[in-house]
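Q: quick one: sequence plus predicted model below, questions after.
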Amino acid sequence: MSLITSSIGQGLLWGILALGLYLTFRILNFPDMTVEGTFPFGAAICVSALVHGVNPLAATILSFFAGMVTGLVTGLLYTKGKIPVLLAGILTMTGVYSVNLKILGKANVGLLNKNTLLNGQLLQKLPINFPTIVVGLIIAIIVIVLLAVFLDTDLGQAFIATGDNEKMAQSLGINTDNMKILGLMLSNGLIGLAGGLLAQNGGYADVNMGIGTMVIGLAAIIIGEVVYGNLSLTARLVAVVIGSIIYRLILLLVLQLGFSTNDFKLISAIILAICMMLPLFEQKFRTRKLLKKGVEKP
């Protein structure tokens with residue numbers, strides 16, 4: 001039971017990252033490789049702040065703003081520097097690696113005997129792993145509500161229009177470059193926040209902890225979409241978080257089947273590939289079913 005509650009708690013925290021990735025991957029419709037640099041950057045900022053005695057809530061908020069900085073850098077390289085978005089993200093990710101080493105002072109830093117957002121006095125009274133679930137659920141709800149409100153504003157609609165049809169958005173007087181920068185900042189802010197939260201949950205920050213995070217976020221998005229199908233935008237945000245929980249439970253099942261934790265990256269890639277191919281298989285199945293009905297019809 002403790003393994004299941006642990007997976008649910010981690011799924012909620014990883015769901016914050018997936019929500020951030022959703023803004024660029026689905027709404028703006030382009031891949032942002034900054035993710036794998038932003039995640040450990042948010043973790044490094046948060047852990048470094050906690051080690052120096054900063055309030056856990058303040059340290060967690062700092063991880064969000066740290067992520068926004070990396071998103072801003074990628075956005076400026078992409079829109080003003082005219083560097084392709086993939087390369088802009090890779091450049092930022094590469095540069096942030098050295099910044100993380102400067103912040104932490106070494107490859108990894110632990111949080112032994114340090115106060116965090118997950119070990120407060122009230123939370124310590126809860127059963128094991130439930131503090132992670134409570135904090136993850138509260139933050140996920142706050143993020144989803146704020147995103148839903150934002151996307152329903154004029155600015156949010158301009159942001160969505162930029163991803164749907166950039167030329168049409170420009171013809172309506174929308175500054176699409178600013179919308180892209182805004183999207184990258186919000187996206188990476190949430191990813192940095194997820195890094196800070198997961199660093200507190202794991203008890204350490206490591207400069208290499210961002211490897212594979214993009215695959216994890218995409219898996220959560222795809223699983224949520226496959227499981228729930230066509231939904232409203234707000235419902236999709238909820239589905240992304242649920243998809244993240246399902247993904248962690250799938251990994252737990254794989255672990256229970258005897259696989260090593262060293263296989264997680266490979267398994268994550270396979271799960272993502274299968275989930276992305278499911279709509280194709282479903283379409284082929286429907287086509288064959290329709291053809292079969294057509295043949296049988298007298």
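A: Received, thanks.
Q: quick one: mean pLDDT over stretch 148-165.
A: Stretch 148-165 carries an average pLDDT of 92.
Q: using PDB, list the CA coordinates for it.
A: The C-alpha coordinates for stretch 148-165 follow below in PDB (Å, rounded to 0.1, in the frame of the first residue of the first chain):
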ATOM      1  CA  ALA A 148      -7.600  27.700 -16.500                       C
ATOM      2  CA  VAL A 149      -8.300  31.300 -15.400                       C
ATOM      3  CA  PHE A 150      -5.300  32.600 -17.400                       C
ATOM      4  CA  LEU A 151      -6.300  30.700 -20.600                       C
ATOM      5  CA  ASP A 152      -9.800  32.100 -20.400                       C
ATOM      6  CA  THR A 153      -8.600  35.700 -20.400                       C
ATOM      7  CA  ASP A 154      -7.900  37.800 -23.500                       C
ATOM      8  CA  LEU A 155      -4.200  37.300 -23.000                       C
ATOM      9  CA  GLY A 156      -4.700  33.500 -22.600                       C
ATOM     10  CA  GLN A 157      -6.800  33.400 -25.800                       C
ATOM     11  CA  ALA A 158      -4.100  35.300 -27.700                       C
ATOM     12  CA  PHE A 159      -1.600  32.700 -26.300                       C
ATOM     13  CA  ILE A 160      -3.800  29.800 -27.600                       C
ATOM     14  CA  ALA A 161      -4.400  31.500 -31.000                       C
ATOM     15  CA  THR A 162      -0.600  31.800 -31.400                       C
ATOM     16  CA  GLY A 163      -0.300  28.000 -31.100                       C
ATOM     17  CA  ASP A 164      -3.300  27.300 -33.300                       C
ATOM     18  CA  ASN A 165      -2.500  29.600 -36.200                       C
END
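Q: excluding its backbone neighbours, what's nearest the residue most central in space within the chain?
A: The centroid of the chain falls nearest to residue 17 when counting by CA atoms, centre = their mean (1.9 Å). Of all residues not flanking residue 17 in the chain, residue 194 sits nearest, at 3.7 Å (CB to CB, 6 or more residues apart in numbering). C-beta here means a position set from N, CA and C on the backbone, and glycine is covered the same way.
Q: contacting residues for that neighbour?
A: By CB atoms under 8 Å, 6 or more residues apart in numbering, the residues touching residue 194 are 13, 14, 16, 17, 20, 39, 42.
Q: ranges for the strands of the stretch 151-298 of the chain?
A: Taking DSSP state E, counting those that start in this stretch, the strands of the stretch 151-298 of the chain run over residues 204-206.
Q: err, the stretch 1-150 of the chain, not the other one
A: Using DSSP E, counting those that start in this stretch, strands in the stretch 1-150 of the chain cover 108-110.
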